[in-house]
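S.K.: Sequence unavailable; structure follows:
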C-alpha cells in the first residue's frame, strides 16, 4: 500500500506570505493552487482558503482577505444581523456567534469571500455568508 500512496499522492507545497505567514497547499492542479492556513477570527480558529499559484497568493484575493480580517467587527455585526433575522421565527433565541456556532472557514474568490459557520447543537446545518465589496450579499443554509 505504501507504494501506491507514494505514486498517487501529490506533493504538499508550502509558501510563506509576508502578511499571512506560512500556508500549505490544499489543492494543487497544474499551475493553480488553493492555499490554506488558520487564523483567529470571530472567536474561533478558522481555516482560510485562498487561491494563487506555486509561488504566491492571488493579489486581489489577498487584498479582499486582509480587508475582511482587519474588519472583524463589521463582519461580525453584518453576520449577526442576518442570523437574528433567521431567529425571528424560531423557538430559539439568538445569543452570539461564539455561543451557537463554530466558525469553520473563510474562502476567497475574485469578487469577495464566503464565511461558513456550523451550528454547535449537533445539527448538521451550515450557514455560508457571501460577502462582496465588504457587504453581505447572500446567505446559504445547507442541512445534512
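M.R.: It's in. For clarity, every value in this text was computed on a predicted model and none was experimentally measured.

S.K.: hey, where'd the strands end up in this structure?
M.R.: When secondary structure is read from DSSP state E, the chain shows strands at 14-17, 21-29, 32-41, 44-52, 101-108, 112-119, 125-132, 135-143.

S.K.: could those strands be laid out in TSV, adding mean neighbour count?
M.R.: C-beta coordinates here come from the backbone N, C-alpha and C atoms, glycine included. Below are the strands of the chain laid out as TSV (neighbours: other Cβ atoms under 10 Å):
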stretch	mean neighbour count
strand 14-17	13
strand 21-29	14
strand 32-41	17
strand 44-52	19
strand 101-108	20
strand 112-119	19
strand 125-132	17
strand 135-143	12
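
S.K.: could you dump these to TSV with distance to residue 79 and mean pLDDT?
M.R.: Listed next are the strands of the chain as TSV, based on distance: least, Cβ to Cβ, whole Å; pLDDT from 0 to 100:
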stretch	distance to residue 79	mean pLDDT
strand 14-17	25	96
strand 21-29	24	94
strand 32-41	11	96
strand 44-52	12	97
strand 101-108	9	96
strand 112-119	7	95
strand 125-132	5	94
strand 135-143	7	89
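
S.K.: Now distance to residue 74 too, for those strands, in a markdown table please.
M.R.: Listed next are the strands of the chain as a markdown table, based on distance: least, Cβ to Cβ, whole Å:
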| stretch | distance to residue 74 |
| --- | --- |
| strand 14-17 | 23 |
| strand 21-29 | 23 |
| strand 32-41 | 12 |
| strand 44-52 | 16 |
| strand 101-108 | 14 |
| strand 112-119 | 12 |
| strand 125-132 | 10 |
| strand 135-143 | 9 |
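
S.K.: So which of those is nearest residue 69?
M.R.: strand 32-41 (6.6 Å; Cβ to Cβ).

S.K.: Pairing partners for the closest one, with directions?
M.R.: If you go by DSSP bridges, strand 32-41 pairs up with strand 21-29 (antiparallel), strand 44-52 (antiparallel).
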